Structures are given as C-alpha cells and as structure tokens.
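Trainee: following is a predicted model, sequence given first.
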Amino acid sequence: GINAEYMGITDLINSVKMKRSRATKTYEFYAHSDTINAVCISKKSANFIATGGEDLHVNVFVVGRNQPEMCLEGHQTEIDSVQFSLDESSICAGSRGGSIKLWDLESQKCTRTYTGHRSSIRCLDFICDGHLIVSGSEDTNVKLWDSRKKGGCINTLKGHSTSVSSVRFSIDGKTLLSGDSYGNLSLWDVSSSKLIAEIKSNKRIDNSNICICFNPQVCTAATATDRQVSFYDVDGKLSLISQTPKEANSIKGIAFSSNGKMAYAATSDALKLWSYDPEVQCIDTVDIGWGNICDMAFSNGQQELVAVSKQKTVISIYSVDLTQTAASNEDYVSPSDSSPLAKASSKYGESSSPQLSESGKHVSIGTSMTSNSMEPLVEKISKLRVDGEIVDDSKNHEESEEPKAGRRRGKGETESGSLNSFVPPPSRYPGPGSPPEGQKDGENDAPFDPQLTRVRMLIDHPLMTTALAQRLNGLRLLRSHWSQGNIRLCVEALGKLNDAAVAHDFLAASEKPMAAHMTLDIARELLPILRSLLTSQFENYVNLSLRYIISILTSFTQIIMDTRLSSVGELVDVAKEERLAKCNQCFDHLKAIYPLLPPLCKKSPGVSSLARDARTLSDKLLKH
C-alpha cells in the first residue's frame, strides 16, 4: 500500500548519498495564503520554523516538512514578528496592531495576550529562562513583559526616536541591546530597566532592520547595520572594538561560532566568516544566492548552518556545510560536560552551561539555551508522517501510531495525505544533480530503477509537488462542499484557492448543475473567478468563462436592471436593500469584464462567437 511505498522511498533517500556543495538550497514550499512578514528558526535544535503573515496566522513547520505542524490563530491584524522561546516550548508573535500573543506549543493554546504598544511589533526575544519577553515597536518603545503574569508589562524603556527593529537579551539575561532603523544602539540593565550606554547614529541606514547577536563566551556583541558588522564591548559599557568593511549588499543575519572566535554574516548572495580578534579579517566566503534571508541557526553540533529566506508566500530552506569552510580549521572541541569548551572561562562566569543542551550538543546562535530536556514537540522531528499517521523511523517503520489527540491538522493537510506532500528532511537527502558517492560522472552501472527515479524527481522539484498537493487538497474541499449541496460555499472556496486550473476543472465538471441552481449570491462570488479565466492563455479556459458569463447575463440582466431602477427613492425593505447590494456588485463585476470582451471577438471562431454574444448581452445591461 501507500504506507509501504513511503517506507521504501525513505530507505531509498537514506541510501542515495550524493556529493554536496558547501551551500545548497534543500527545498522550498508555500507557507501562507498571503504575504509572509516574519520568519524565525528555533535556535536550540534548528528543527522548527515559525512564520507569520498577512493572513493573520502563525504557522509552525518541522524542517523537512512542507505542511504546518500547527496553525495558530487569534490575531486580529497582520503578523509582523515571531520568536521561539529558547527551550522551544513556547512561541510569541507580534501584530501590526500592537498586540503580542504567547502560545504554549504542546497544548497549542494562547496563554497570554499583551497590549500596550501603539503600533506594529517589529521584534521579539525571550530571556534565557523564558519568563521575560522583550518587544520593540514602531512606536519607538521597548517593553519588558513577564510571561508568568497576566498583566504582563513590567516596564517601558524609552530612548529611541524611531522604529525599534531589533532587541536581544545577553547570554546571562542581565542586559539587553536594542537597535532602531537609524542604527542607534541602546544597552539596558534588565533588573533596573535603566539605560547603561547608547551609541547615536541618527542616519537612516540602507536596510531599516538592524541585526544583533551576543557572543556566547565573552561580553561582546555584534551588530549588522549599514552593510557592515560592528563588534562592541558590552561589559558595563557600549564601546566599539572593530568593524568589517562595507558590503555591496545589506547584511541580513549574523551569528557567533560556539567558541566566540568567529562571526558569520549573511548577505543576499553570500555567507562570510569573520575573525575579529586581534583584527577584523574575512577568512572565508561561501557564495549562495539565498536572497531575502530572514534567520539562520546551527545544526548537528555546528557542523551545518540552516537558513531560511522568504519571497511573498514561499519559504526556502538552505544548508551550509561548515565542515567544508574555514570554520573547520578552527580548534573546535566537541562540546560535552567535561570538554574544555564547556568549562571555558568567560566574563559570564561559570554559567557557560546555557550554551549546551542536556545531551551536550552545541545549540547556540548568539543566544543562550536552557538545559531542559527536549519538549514533546521536539520528538516529532525523529518521526516521519505517513498518510495521516506518524511513523517512528527509529523502528524501521514497523510500527505506526495515530497523531496525538488534540493536534490541529495543518492548513492544507488532509486526512488521507498525499505522496506529493512528502519532502524528506534536508539531512536525509543529497543535493540534486550530483552523482552518488564513489561514482564518476557518466558512470551508470546500476539498472534503471523507476522508484529511485521518482524519489529523485520529488527531491529536485519540491515546489511543484507542493503545488500539486495543495491543488489536490483544494479539489477535496470543493468535493466536500458539493456533496453537502452547498454550491455557494463551493464557489467561495474556489475564489480563495486562487488556482485557475482548479477553477476550470471544477466549473467544467459542474457546468450544468451550476446553471440550474445559479443565484445572485453565487453569481456575485463567481464573476471575479470568470474574469480571471478570461485572461488565460488557454482557449478552453476562456470558452468556459464566456459560457458562464452568457448564462449569468441571460438569467439576471432583467433582474439587475429592474432592481437598480427601483432604487430611485428611499428603500425601507431590508430584503430589497440586500437584493440591490447583490445586483450592484454583479453589475460592477460585469462592468469590469466588459473591456476584456472586444479583443476576444478577434480570436479564433470558437472564442469570438461566444465573446460577441457576451458583448451583446453586456451592452443591453451596461448601456441601459
């Protein structure tokens, strides 16, 4: 069956080992139905991605999966910032309206809602033990919140004169650094909420977002602003140590290595490794066109850097193999409780353990990590979802279990699942286009294996398989509404899908029953879809749209004209007012369609004949 097929594919993916370049784009997927505004990666494990956007949702993904593990709802305005807690048990999101919501990821419930900012929340951060949250807003204020209290706001830190675009707690949680869109920096004492030091720039920077990262070993911090990285001493002061030369493009992200000796700076087309002690020096450059990079985190004991970028509604995941960079030449020690790295002295004292997880693996990217055991959510990364079930990969797929009770099915995820929705984790599959390890280019001793070919096609074309899976889910939703006899809901869902192929397939299959049950409500929802089909390059799409438009004009032209004429004078009948609103909307949609008809009259005979009929009927309505 399909489960066995999944298992076989997983084994094949694990067995196909290909050479990978230093940086690869592992996969991409559609994350939201509208523009994505905020993205973050969990820093403890680099296994989870959270996204927020214009659709008011916060989606949480497991790296390697293109369907959300959960969809968190509740905000009334667009999401502009998201952040995981350091132990990956919670997530907070800031909205354009100035509210902050805190969710517990295990129960998937909103535990706190904070209000107080007067404008969009641009940045968020958790303190190391998770009980404090700091937020920066376009209202120029920085606020501290206690996640253990409903009231929330502890203090408001004033000092910035423009939008606050970045806030970060220090590793020990005693100080925090904030930066605004003019490049001004403020260092604050957390316990007293007093300003320790500040650096004024008062010059609008090329990129309004400033990046801040604390060194995990010593009291230094790095900021990325105005296309360069600056290193500061933050031990009770804020003094500049050194700066990198300016880059051609703005710097989108920065991170320190675990030993604090190097800093990673990401621009839109490269990752640069900088040493800064005793002097600033670029020791390696990895060329990678990852575009609008939003966040990055270390994985596999800092052997790999996982980065995420966004483009409208699409999220792209990238992987940089740090073992093939100059970072591998550094004197790294595998972090463990007894390693020199774990016992390294620092100005943070003997509390260097926050940089280590309970297993001893390094999981820091400029922030500290608690030593709590992995939350149940984290355990999901070791399991492969198959056809609506969770299969434990550690048991060779011999046993399966139902998803945990209470888990919300991700948006677009169906009960039956789909082979096309499967995308293996990046660590499980090689980069496309390279021959298997030990095999030379052009060498092909193995017989043709159709299943292996299918696996490679899935790996090479994740965006297409995601689009097809979403199209299949859309058709299933339409079939569900149709089976319940609710045509209006079908048409509403069709409009939200915004997929011309699905619209054509559905409307072509239901043309006769739709014509028999057409109402003003249905016509009002259907006309924008028909207008979009008219602009298609496919003749069958245009023909179908014209047939529907002719049917609507034939059925409702007289009703629309009579209702609009009767509106002269005061209407007191609620039913008539509602009908007038529907007729006016249909009239406006048909008026927008009318300019598209004359060019179609010059097309092929099949199209031109229908277009002329639609134009004649439209003339009767619009020129009345």
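Mentor: Looks like it arrived, so ask away.
Trainee: from A326, how far out is S170?
Mentor: As judged by C-beta to C-beta, to the nearest Å, S170 and A326 stand 27 Å apart. (C-beta placed from N, C-alpha, C; glycine too.)
Trainee: what about the top helix by length along the chain, average pLDDT?
Mentor: Criterion DSSP state H: the longest helix present in the chain is helix 539-565. Averaged across helix 539-565, the pLDDT comes to 90.
Trainee: distance between it and the chain's centre?
Mentor: 40 Å (C-alpha atoms, centre = their mean, to the nearest Å).
Trainee: near R564, how many other residues are there?
Mentor: Per other C-beta atoms under 10 Å, the neighbour tally for R564 reads 15.
Trainee: can you show me the helices along this structure?
Mentor: Using DSSP H, the helices found in the chain span residues 2-15, 376-379, 450-460, 462-483, 487-497, 500-509, 511-516, 520-534, 539-565, 574-593, 597-600, 605-622.
Trainee: which residues touch S42?
Mentor: By C-beta atoms under 8 Å, 6 or more residues apart in numbering, the residues touching S42 are 48-50, 84, 88, 297.
Trainee: can you do 6 Å?
Mentor: Neighbouring residues of S42 by C-beta atoms under 6 Å, 6 or more residues apart in numbering: 48, 84, 88.
Trainee: can you check S85 too?
Mentor: By C-beta under 6 Å, 6+ apart, the contact set of S85 is 126, 130.
Trainee: what's the answer for A222, then?
Mentor: The contact partners of A222, by C-beta under 6 Å, 6+ apart, come to 213, 229, 231, 254, 263.
Trainee: go through these and flag which are in strands.
Mentor: Secondary structure from DSSP state E places 213, 229, 231, 254, 263 of the contacts of A222 in strands.
Trainee: of all the residues you listed, which comes closest to P598?
Mentor: P598 lies nearest to I254 out of the ones in strands among the contacts of A222, by C-beta to C-beta, at 56.2 Å.
Trainee: tell me what the closest one is bridged to.
Mentor: Judged by DSSP bridges, the bridge partners of I254 are A265.
Trainee: one step back: and the angle from the longest helix of the chain to helix 500-509?
Mentor: Angle, helix 539-565 to helix 500-509, by axes from the mean of the first three to the mean of the last three C-alpha atoms, to 10 degrees: 70 degrees.
Trainee: check which residues of helix 539-565 are buried.
Mentor: Neighbour-count burial for helix 539-565 flags 541-553, 556-557, 560, 563 (criterion: 16 or more other C-beta atoms under 10 Å).
Trainee: one step back: just send the contacts of A222 back as TSV, with pLDDT too.
Mentor: Converted to TSV, the contacts of A222 look like this (pLDDT from 0 to 100):
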residue	pLDDT
C213	94
V229	93
F231	93
I254	94
A263	93
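Trainee: turn the residues you listed into CSV, columns for neighbour count and distance to S191.
Mentor: Listed next are the contacts of A222 as CSV, based on neighbours: other C-beta atoms under 10 Å; distance: C-beta to C-beta, whole Å:
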residue, neighbour count, distance to S191
C213, 24, 22
V229, 25, 29
F231, 20, 26
I254, 23, 27
A263, 24, 28
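Trainee: mind putting those in JSON lines, distance to K44 included?
Mentor: As requested, those are arranged in JSON lines below (distance: C-beta to C-beta, whole Å):
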{"residue": "C213", "distance to K44": "16"}
{"residue": "V229", "distance to K44": "24"}
{"residue": "F231", "distance to K44": "25"}
{"residue": "I254", "distance to K44": "19"}
{"residue": "A263", "distance to K44": "20"}
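Trainee: quick one, what contacts Q228?
Mentor: Neighbour list for Q228: 243-244, 246 [criterion: C-beta under 6 Å, 6+ apart].
Trainee: again, only this time at 10 Å
Mentor: Shown in contact with Q228 (C-beta atoms under 10 Å, 6 or more residues apart in numbering): 243-247, 250-251, 265, 280.
Trainee: now swap in H117 and tell me
Mentor: H117 neighbours (C-beta under 10 Å, 6+ apart): 94-95, 97-100, 135-143, 153, 156, 164.
Trainee: and these, which are buried?
Mentor: For the contacts of H117, a burial check counting by 16+ other C-beta under 10 Å picks out 94-95, 97-100, 135-143, 153, 164.
Trainee: which of those fall in strands?
Mentor: Those of the buried ones among the contacts of H117 lying in strands (DSSP E): 94-95, 100, 135-137, 142-143, 153, 164.
Trainee: of those, just say which sits nearest to L507.
Mentor: Closest approach to L507 among those (C-beta to C-beta): S95, at 36.7 Å.
Trainee: distance of the closest one from K101?
Mentor: Applying C-beta to C-beta, the value for S95 to K101 is 8 Å.
Trainee: what touches both of these two?
Mentor: 58, 74-75, 79.
Trainee: now, the most widely separated pair of those residues?
Mentor: Within the shared contacts of S95 and K101, G74 and I79 form the most distant pair, 10.3 Å apart (C-beta to C-beta).
Trainee: residue ranges with poor pLDDT in the stretch 151-300 of the chain?
Mentor: 202-208 (pLDDT under 70).
Trainee: if we go to 50?
Mentor: Applying pLDDT under 50 to the stretch 151-300 of the chain flags no residue at all.
Trainee: thinking again about what came up before, ok, of the contacts of Q228, which come out buried?
Mentor: Among the contacts of Q228, those buried by neighbour count (16+ other C-beta under 10 Å) are 244, 247, 250-251, 265, 280.
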